[in-house]
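Here is my input; please provide its structure:
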Amino acid sequence: MSNILEWLSVLGTGILELWAAILLGLAFKIHPILTGTLSAVGSIISTLIVIFFASSIRNWLIHITQGKNKGRARNMNRIWAKYGIVGIGFLSPLITGSLLGAAIGISFGAEPRKLFIWMTIGIIFWSAVLTTVAALGFNAFLFGN
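Okay, here's the model as predicted:
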């Protein structure tokens, strides 16, 4: 039962923040592949909700986070101008998190289906990279010289 609660905690944290979910899963000593998968699924769920179902949530997220993340918002504007939907979708899980990235992408006028595809690709990629780096870091810390 505790394993299921740990898995649900990682999944739920992935809905809010990919990085935190990966670290939480590794702290719970969940296998890195399962940690990365649960974190990515949580992040994909949040992206799906923001892009397709929740315009009021999306507007609220944009309003709340714009004041706190003006530098990030400027970065996202530059990425949108230079790389479009591919750049927002691929880089936002790393830079702003999937919740805010999805909201920003939609606010820039991105086509929802394409944004979801590129964000899913970005989430899977960054989940794999961050999980690998974090797992190697944990192993080096625990078993290093």
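
CA only for contacts and neighbour counts going forward, please
Noted.

mean confidence score for the top helix by length along the chain?
As assigned by DSSP state H, the longest helix anywhere in the chain is helix 112-143. Averaged across helix 112-143, the pLDDT comes to 90.

What of stretch 48-58?
For stretch 48-58, mean pLDDT is 75.

packing partners for the host helix or strand of residue 104?
Secondary structure from DSSP states H and E places residue 104 in helix 98-107. If you count contacts as 3 or more C-alpha pairs under 8 Å, 6 or more residues apart in numbering; DSSP states H and E, helix 98-107 packs onto helix 2-16, helix 32-48, helix 55-68, helix 70-95, helix 112-143.

and these, which is most packed in?
Burial of the helices and strands packed on helix 98-107 is given as mean neighbour count (mean count of other C-alpha atoms under 10 Å); helix 32-48 ranks first at a mean of 24.

What separation is there between residue 16 and residue 136?
In this view, residue 16 and residue 136 are 24 Å apart by C-alpha to C-alpha, to the nearest Å.

typo on my end, it should be residue 125
17 Å.

For the residue nearest to residue 121 when sequence neighbours are not counted, list the residues it contacts.
In this structure, residue 121 finds its nearest non-sequential neighbour in residue 90, 6.5 Å apart by C-alpha to C-alpha, 6 or more residues apart in numbering. For residue 90, the contacting residues are 118-123, by C-alpha atoms under 8 Å, 6 or more residues apart in numbering.
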